[in-house]
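S.K.: Got a predicted model here, sequence first, then my questions.
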Amino acid sequence: MKKKIQIDELTVRQQTCDPIDAEPCEPVNIDSCTTCTKIDLGDVDPTNPGLLIDVSATIRNLCPNRPVSVAAVLCERVANQDIVRAVQVLEDEAECPTGQQCFCADLDVNFTFAIAQACDPQGDDRVFKARIITHYLNPECCQCNCPEND
């Protein structure tokens, strides 16, 4: 079963931005066999803080304890076109409230998107749209009829 949730729109009012002069970066050499390293940048002033957009939804009437895949799609309206800016996917399952049995359950999902600040010389608003797509995983009633590769 695939469930679609409404598309919501978010308008971000922005101010005109001054040009940013990036300071030169010091190179950091990392050995090719190193799995992890730490880079200390010291004190940093924000030059382009960007946008953090939180998208949350409640997906209703799911079968409890069945895994679902949930995707959040974030689009920006640019010149009368919706441009996909980011997609996030998670797997989860709805659960009945503690101590209760239920036939349907709700699932709250939250996504956070980090979007670069795009400064418009005219200071026009940015318009974003978000959409949630949900479907069950690992259906038990279906068999895969995929051809075997030898």
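M.R.: Nice, I can see it.
S.K.: how deep is K129 tucked in, by neighbour count?
M.R.: Applying other CB atoms under 10 Å, we find 16 residues neighbouring K129. C-beta here means a position set from N, CA and C on the backbone, and glycine is covered the same way.
S.K.: The strand or helix carrying V55 - which strands sit beside it in the sheet, and in what orientation?
M.R.: Remark: V55 resides in strand 51-62, with elements defined by DSSP states H and E. Here strand 51-62 is paired, per DSSP bridges, with strand 105-115 (antiparallel).
S.K.: returning to that earlier point: now the strand holding V55: mean pLDDT?
M.R.: Averaging pLDDT along strand 51-62 yields 92.
S.K.: and that strand, which residues are buried?
M.R.: For strand 51-62, the neighbour count (16 or more other CB atoms under 10 Å) marks 51, 53, 55, 57, 59, 62 as buried.
S.K.: Farthest-apart pair in these, please.
M.R.: Greatest spatial distance among the buried residues of strand 51-62 (CB to CB): L51 and L62, at 30.4 Å.
S.K.: one step back: and after the strand holding V55, which helix or strand comes next?
M.R.: Downstream of strand 51-62, the next assigned helix or strand under DSSP H and E is strand 67-78.
S.K.: which secondary structure elements does that next one contact?
M.R.: Counting contacts by 3 or more CB pairs under 8 Å, 6 or more residues apart in numbering; DSSP states H and E, strand 67-78 packs against strand 51-62, strand 81-93, strand 105-115, strand 126-136.
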